[in-house]
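# sequence plus predicted model, see below.
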Amino acid sequence: MTALIALLSLSPLALAASYADPVSKIRFTLPPGWKVRPGLEEGMRVLRVIPPKPDQRERAAISVRIGVRKAKRGESLARMAAAFRQEDGDREAANFVRVNQKTGRLVTEYRDGRFVSNRLWIVRHNLHVIQSLDKNRLLEARCTANASEFKTYRRQMEAICLSAQWARR
């Protein structure tokens, strides 16, 4: 009986698996049912993490992208954090910005808006993690959903984006 209660009390994240991409050497926690689709965007390998249910992809408009990119000239975590603290176009000032210089990691949450079909304005909630790998490369993990749905899927998206890391070769 105790074993049955223990099994029933496990959260879905307790059943999450670890995913490691053999090409890019990116590792992260993958919640049950979620799938990884590697692809190329702007000439760089990007891992798209797809939620299991169609309504999560459509109504919640969940978008999870993880990849390594080249750092722009003069780009630093401190400068990026300062930029996120200010509004920029359709992006609001971040409601959370944390830089850990020791680990070389920036974690921020912010909302932005965009027009979709029929001139409907949608507000999106973003969890954005940027990890400095070296002077020239950044690991970037971005988890986004419609602001009205973000809270529902927060734990799963945090499990993915906050666990993203690059395995040193």
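Looks like it came in fine.
# please make it C-alpha for all contacts and neighbour counts, starting now.
OK.
# for the helix ranked longest in the chain, what is the average pLDDT?
Using DSSP state H to define each element, the chain has its longest helix at helix 147-163. Averaged across helix 147-163, pLDDT comes to 93.
# what's the pLDDT at the residue nearest to Ser163 when sequence neighbours are not counted?
Leaving aside its chain neighbours, Ser163 sits nearest to Phe28 (5.0 Å; criterion: CA to CA, 6 or more residues apart in numbering). Looking at Phe28, its pLDDT is 96.
# which parts of the protein are strands?
17-20, 26-30, 35-41, 44-50, 63-70, 96-100, 105-116, 120-132, 137-146, 165-166 (DSSP state E).
# which one of these lies nearest to Gly89?
For Gly89, the closest of the strands of the chain is strand 105-116, at 8.7 Å, according to CA to CA.
# what is the mean pLDDT for that closest one?
pLDDT averaged over strand 105-116 gives 89.
# in that strand, what counts as buried?
Within strand 105-116, the residues scored as buried using 16 or more other CA atoms under 10 Å are 105-113.
# with stretch 28-35 instead?
Neighbour-count burial for stretch 28-35 [16+ other CA under 10 Å]: 28-31.
# and stretch 148-164, by the same measure?
Result for stretch 148-164 [16+ other CA under 10 Å]: buried residues 149-150, 156-164.
# got it, and stretch 53-68?
Applying 16+ other CA under 10 Å to stretch 53-68 flags 56, 60-68 as buried.
# next one: stretch 118-126
Quick answer for stretch 118-126 (16+ other CA under 10 Å): 123-126.
# and the two most separated of the residues you listed?
Largest separation among those by CA to CA: Val123 and Asn126, giving 9.9 Å.
# who touches both of the two?
Residues touching both Val123 and Asn126 (CA atoms under 8 Å, 6 or more residues apart in numbering) are 111-112.
# so where's the chain shaky on pLDDT?
1-16, 168-169 (pLDDT under 70).
# from the buried residues of strand 105-116, pick the one nearest Ala93.
Tyr110 (6.6 Å).
# so who does the closest one touch?
With CA under 8 Å, 6+ apart, Tyr110 has these contacts: 84, 91-96, 125-127.
# so it bridges to which residues?
Asn126 (DSSP bridges).
# how close does it get to Ile26?
From Tyr110 across to Ile26, the span is 24 Å (CA to CA, to the nearest Å).
# also Ala82?
27 Å.
# more crowded one of the two?
Ile26 (19 against 13; other CA atoms under 10 Å).
# how about the nearest residue to that one, chain neighbours excluded?
Trp166 (4.5 Å).
# the one you found: how many residues sit nearby?
20.
# my read: it touches Pro22, true?
No - using CA atoms under 8 Å, Trp166 is not in contact with Pro22; the gap is 11.0 Å.
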